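Trainee: Quick check, what structure comes out for this input:
(chains A and B)
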There are 2 protein chains.
Amino acid sequence: MNPLDGLIEALKRLPGVGQKSAQRMAYHLLQHDRDGARSLAAALQAAAEQVGHCQRCHTFSESALCDICADTSRDASLLCVVESPADQAALERSNSYKGYYFVLLGRVSPLDGVGVHQIGAAELLARAAEAGVAEVILATSFTAEGEATAHVLGEALRSRGIRATRLARGVPVGSELEYVDLGTIAHALVDRR
Amino acid sequence: MNPLDGLIEALKRLPGVGQKSAQRMAYHLLQHDRDGARSLAAALQAAAEQVGHCQRCHTFSESALCDICADTSRDASLLCVVESPADQAALERSNSYKGYYFVLLGRVSPLDGVGVHQIGAAELLARAAEAGVAEVILATSFTAEGEATAHVLGEALRSRGIRATRLARGVPVGSELEYVDLGTIAHALVDRR
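Mentor: Modelled structure (predicted):
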């Protein structure tokens, strides 16, 4: 395979990139941005070599403990379970949570053959059983797969006597009721306070 | 910048990739496909170092002459002007053209500051003036920018006494007239034969 076809094949391994996008990316890099190609190569190499997982919360980290787990000033009684480092980052940006995290790096998806074992359920149960953890907040997505993940983990946690809660469902801030979908309104009514 | 953020920044230089897609790609590579990250790094490096331009037709090539330009059995009286190696590949797959190519690697786009000089018009005119070239087929896209490119190049070629033609516009093979857009039908009527 010549280097151009090799590059197109390699780009197709990126999620959401097919033959046409890969071609466009390869042509763009070679024609307009060879520096970009070289810096992307270096960044990929560096990330693949250096980025590991935090021993404690499983998020991506170059060191044994990520910055959040290494921060002893946080509230050790709270453990928030999220699907991805991106979700963790969103929660951090909201500036309303001061506990620790556990990052599943995935969600249960039977159709793709992803069960609770692949997303680190055993590690979560061990982490949640540590002294000091009073509540596990299940902050997986409100999609079918995220809900299933929360359900399975919640059952497992409760059967071990650990308190498990779920993020509140309801009307998003700033939205007009007229345009909110019916499922959300129904949940907001049931969970009214 | 840590390696993960560095990778996300580098991925954002790919065309059509924004913050969210770059995050998703980086997380996917680190979580599920580190081999993919390494092979993409190697492919980028190899392509950036080894892929140059064919001296004659300007397409991407590792050698001084691309395979097509090095093939002396083709029809030297025909020169087909295309916008990209992808367009050239589409023409080759149609198996209906046996002449040589000239690859512009771009099209005129005044809004993006891309004029005829940036797409290699001078090199095309020199190539078209070579002995033996009887006809230049302008096979740029049938978009506003592609049409403008064909117009400018056609005028320049004709003013030098070189015959310039354009790909035929008309109803695509296999389409029902009812669903063909009106501009195409109008062109097919005017160009009827």
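Trainee: Spatially nearest residue to the spatially most central residue of chain A (excluding sequence neighbours)?
Mentor: The centroid of chain A falls nearest to residue A:84 when counting by Cα atoms, centre = their mean (0.9 Å). In space, and not counting its chain neighbours, residue A:84 is closest to residue B:27: 6.1 Å by Cβ to Cβ, 6 or more residues apart in numbering or on different chains. Heads up, the C-betas are built off the backbone N, CA and C, glycines and all.
Trainee: The one you found: neighbour count?
Mentor: Residues near residue B:27, counting by other Cβ atoms under 10 Å in any protein chain shown, number 20.
Trainee: Next, the contact list for it, please.
Mentor: A:60, A:84-86 (Cβ atoms under 8 Å, 6 or more residues apart in numbering or on different chains).
Trainee: Without its sequence neighbours, what residue ends up closest to residue A:76?
Mentor: The shortest distance from residue A:76 to any non-neighbouring residue, by Cβ to Cβ, 6+ apart, is to residue A:132 (4.6 Å).
Trainee: right, and that neighbour touches residue A:75 too?
Mentor: No. Between residue A:132 and residue A:75 there is no contact under Cβ atoms under 8 Å: 9.6 Å.
Trainee: all strands of chain A, in order?
Mentor: A:52-53, A:60-61, A:75-82, A:99-103, A:135-138, A:164-166 (DSSP state E).
Trainee: now those strands as CSV including mean pLDDT, distance to residue A:126 and mean neighbour count?
Mentor: Converted to CSV, these look like this (pLDDT from 0 to 100; distance: least, Cβ to Cβ, whole Å; neighbours: other Cβ atoms under 10 Å in any protein chain shown):
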stretch, mean pLDDT, distance to residue A:126, mean neighbour count
strand A:52-53, 90, 15, 15
strand A:60-61, 90, 18, 23
strand A:75-82, 94, 12, 20
strand A:99-103, 94, 10, 23
strand A:135-138, 94, 12, 20
strand A:164-166, 94, 15, 17
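Trainee: of all those, which lies closest to residue B:176?
Mentor: Residue B:176 lies closest to strand A:75-82 among those, at 50.6 Å (Cβ to Cβ).
Trainee: The closest one pairs with which strands?
Mentor: strand A:99-103 (parallel), strand A:135-138 (parallel) (DSSP bridges).
Trainee: mind saving the C-alpha coords of it as CSV?
Mentor: What follows is strand A:75-82, C-alpha atoms only, in CSV (Å, rounded to 0.1, in the frame of the first residue of the first chain):
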residue,chain,number,x,y,z
ASP,A,75,-15.8,15.4,50.0
ALA,A,76,-14.9,11.7,50.4
SER,A,77,-18.5,10.8,51.4
LEU,A,78,-19.7,11.3,47.8
LEU,A,79,-18.8,9.2,44.8
CYS,A,80,-20.2,10.2,41.4
VAL,A,81,-20.4,7.5,38.6
VAL,A,82,-20.1,8.9,35.0
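Trainee: For it, what is the distance to the chain centroid?
Mentor: 15 Å (Cα atoms, centre = their mean, to the nearest Å).
Trainee: got the contact list for it?
Mentor: A:88, A:91, A:97-104, A:124, A:127-128, A:132-140, A:150, A:153.
Trainee: returning to what we had before: what's the closest of the contacts of residue B:27 to residue B:14?
Mentor: Proximity of the contacts of residue B:27 to residue B:14 (Cβ to Cβ) peaks at residue A:86, which lies at 18.3 Å.
Trainee: gap between stretch A:111-123 and the chain center?
Mentor: Distance, centroid of stretch A:111-123 to centroid of chain: 14 Å (Cα atoms, centre = their mean).
Trainee: let me fix that: stretch A:136-150
Mentor: With Cα atoms, centre = their mean, you get 11 Å for stretch A:136-150.
Trainee: Next, count neighbours for the residue lying closest to residue A:36 once chain neighbours are set aside.
Mentor: The shortest distance from residue A:36 to any non-neighbouring residue, by Cβ to Cβ, 6+ apart, is to residue B:13 (4.0 Å). Residue B:13 has 19 neighbouring residues, counting by other Cβ under 10 Å.
Trainee: dump the residue contacts of residue B:13.
Mentor: Taking Cβ under 8 Å, 6+ apart, one finds A:33, A:36, A:39-40 in contact with residue B:13.
Trainee: Give me the subset of those residues lying in helices.
Mentor: Among the contacts of residue B:13, the members falling in helices (DSSP state H) are A:36, A:39-40.
Trainee: Tabulate the residues you listed (TSV), appending pLDDT.
Mentor: Below are the ones in helices among the contacts of residue B:13 laid out as TSV (pLDDT from 0 to 100):
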residue	pLDDT
A:36	92
A:39	94
A:40	95
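Trainee: quick one: which of those is most hemmed in?
Mentor: Counting neighbours by other Cβ under 10 Å, residue A:40 leads these with 26 neighbours.
Trainee: remind me which residues of chain A are low pLDDT?
Mentor: For chain A, no stretch has pLDDT under 70.
Trainee: now the helices: where do they sit in it?
Mentor: With DSSP H as the criterion, chain A has helices at A:3-11, A:19-32, A:34-50, A:67-70, A:85-93, A:121-128, A:144-159, A:182-190.
Trainee: From what I see, residue A:60 and residue A:85 are in contact.
Mentor: Yes. Using Cβ under 8 Å, residue A:60 is in contact with residue A:85, at 5.5 Å.
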